[in-house]
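> give the three-dimensional model of this entry:
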Amino acid sequence: MAERTPETDTPASGAPAEAGLGDTRRMRGSNHTGMRQFNERIVLQAVRHHGALPKADLARMTHLSTQAVSIIVGRLIDDGLLLKQDRLRGRIGQPSVPLSLNPDGAYSIGIQVGRRSLQLVVVDFCGQLVERFDLRYAYPDPDTVLPGIAQGLAELRQRRGESWSRVVGIGLSAPLFLHQWADVMGGQAATALARWESVDLRARVQALTDLPVEFAKDTTAACVAELLQGHGQSISSYLYVFVGTFIGGALVLAGHIMGGERGNAGAIGSLPIRLEDGNNAPGQSPPQLLQLASGWQLEQAMIADGHDPFLLQQAAIMDPAYARYVTPWLAQSSRALAMTVTSAAALLDLDAVVMDGAMAAPLMAVLLKDTQTAMAHYAFDGMHQPRLLMGKVGAHARALGAALLPLHSQFFPDKDIFLKRDLV
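Numbers count the residues shown, from 1 in each chain. The predicted structure follows:
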């Protein structure tokens, strides 16, 4: 496969990594000299969005000349990125040959550092997960996480064998400001989490590999997966909510992830959920969403009675035996989320709110349903009430989204580079 390099520098922190991710469904290529790499990306993007396409359809969709498309397709086939499918017969004119992405054309690694577990995945050129490595822990101690990443990379490399040579990069995702959660998690976790303040996670991972490493905040990475492989393919503007050990979010407007100046746009976990009434103790603030709607509260209630917190990730959590933990958590979380959705709708004029999480799918389904019910208590006068939708990616969204970052930056168009949009 011919070498390709990103058209922008690899970012050093979470904020810039997702800035180029956008709605590329209405892109045009250019027939001018010097656009080879961009035009190749446009062709690959068209195939990724629409599936196998013959050259004539590619020329029509990209607004490139038939000759330009033919040359580009030839190069991409030679590079192993496109495959010829069986000829389509029965249409007017000569039989056409659809072209599809070659799953084995390139691979990418995603690393998700979570508060309860580490996950590494390998995805193919079509964005499908093909390998996975998991490591669970009670809390993310750097002395556990960093050796775990090294172990995971070594194991995945061994599993992939010769195909490892087609791995183009690593996407890394983690919560921002891990050290700031020391007070929340408490106990032994507090000491370990405090050590993250002096750890440059991206640099430490880069030291383990010759592959380029890109970083994104964990909820932003999950939103990347939803944008590229879920509701983002049909919905333009939405708030993305991910419910894990702590709840967080990301924001998509006009088909683009909004990172913000510090890469922290959509940080809904920090939203206050109650008015300050003057009765709080000194130094005490109204509760934030993360204190009311995170998996952490449910975990702690179960741990206090000797239950495994990882039950939250299993369908068994909905058994009647756990109702005394689950029912009050759902009531509190859904009310807090309903207020968050209403506030976000007033501020951002959203098409939808997409909710996903690391917890078991049946639990997430009930949380979404209860949130929808709680929203009925809020007035949406003077604003659009967004749809509340379940995410399409699921518990692996953060690791999958991280893995998609290198593929996107190296093979698919960046909105800031020569982008042309149809105005109709």
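
> from here on, contacts and neighbour counts on C-alpha atoms
Will do.

> may I see the buried residues of stretch 108-127?
Neighbour counts over stretch 108-127 (16 or more other C-alpha atoms under 10 Å) mark 108-115, 117-127 as buried.

> which ones among these map onto strands?
Under the assignment DSSP state E, those contribute 108-113, 117-123 to strands.

> redo those residues as a markdown table? Include pLDDT.
Below are these laid out as a markdown table (pLDDT from 0 to 100):
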| residue | pLDDT |
| --- | --- |
| S108 | 97 |
| I109 | 98 |
| G110 | 98 |
| I111 | 98 |
| Q112 | 97 |
| V113 | 96 |
| S117 | 93 |
| L118 | 97 |
| Q119 | 97 |
| L120 | 98 |
| V121 | 98 |
| V122 | 98 |
| V123 | 98 |
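
> what segments of the stretch 151-300 of the chain are strands?
Ranges of strands within the stretch 151-300 of the chain are 167-174, 213-217, 238-243, 247-253, 256-257, based on DSSP state E, counting those that start in this stretch.

> for those, give me JSON lines that also has mean neighbour count.
Listed next are these as JSON lines, based on neighbours: other C-alpha atoms under 10 Å:
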{"stretch": "strand 167-174", "mean neighbour count": "26"}
{"stretch": "strand 213-217", "mean neighbour count": "28"}
{"stretch": "strand 238-243", "mean neighbour count": "28"}
{"stretch": "strand 247-253", "mean neighbour count": "24"}
{"stretch": "strand 256-257", "mean neighbour count": "24"}
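
> with just CA atoms, put stretch 407-416 into CSV.
Only the C-alpha atoms of stretch 407-416 are listed here, as CSV (Å, rounded to 0.1, in the frame of the first residue of the first chain):
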residue,chain,number,x,y,z
LEU,A,407,-8.5,6.4,9.5
HIS,A,408,-10.4,9.6,9.1
SER,A,409,-7.4,11.8,9.3
GLN,A,410,-5.4,9.8,6.8
PHE,A,411,-8.0,8.7,4.3
PHE,A,412,-11.1,10.8,4.4
PRO,A,413,-11.6,14.5,3.8
ASP,A,414,-11.0,17.2,6.4
LYS,A,415,-13.5,20.0,6.4
ASP,A,416,-10.8,22.6,6.6
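
> I'd like the average pLDDT over that stretch.
For stretch 407-416, the mean pLDDT works out to 75.

> which one is A192 nearest to, not counting chain neighbours?
D141 (4.9 Å; C-alpha to C-alpha, 6 or more residues apart in numbering).

> cool, and L193?
H179 (4.8 Å).

> OK, contacts around the one you found?
L193, A194, R195, W196, E197 (C-alpha atoms under 8 Å, 6 or more residues apart in numbering).

> ok, the fourth one - how many residues close by?
It refers to W196. W196: 18 surrounding residues under other C-alpha atoms under 10 Å.

> cool, the first one as well?
For L193, the tally of surrounding residues (other C-alpha under 10 Å) stands at 23.

> got a list of what D86 touches?
Contacts of D86 (C-alpha under 8 Å, 6+ apart): V97, P98.

> picking up where we left off before, wait, the residue nearest to A192 sits on L193?
Yes. In this structure, D141 is within contact of L193 by C-alpha atoms under 8 Å, at 6.3 Å.

> picking up where we left off before, could you check how far the residue nearest to A192 is from G152?
Using C-alpha to C-alpha, to the nearest Å, D141 is found at 16 Å from G152.

> and I170, by the same measure?
12 Å.

> among the ones in strands among the buried residues of stretch 108-127, list the two that are farthest apart in space.
S108 and S117 (20.2 Å; C-alpha to C-alpha).

> residue ranges with poor pLDDT in this structure?
1-36, 88-95, 181-186, 280, 414-424 (pLDDT under 70).

> care to break it down by domain?
14-104, 106-221+400-407, 234-392 (automatic domain parsing).
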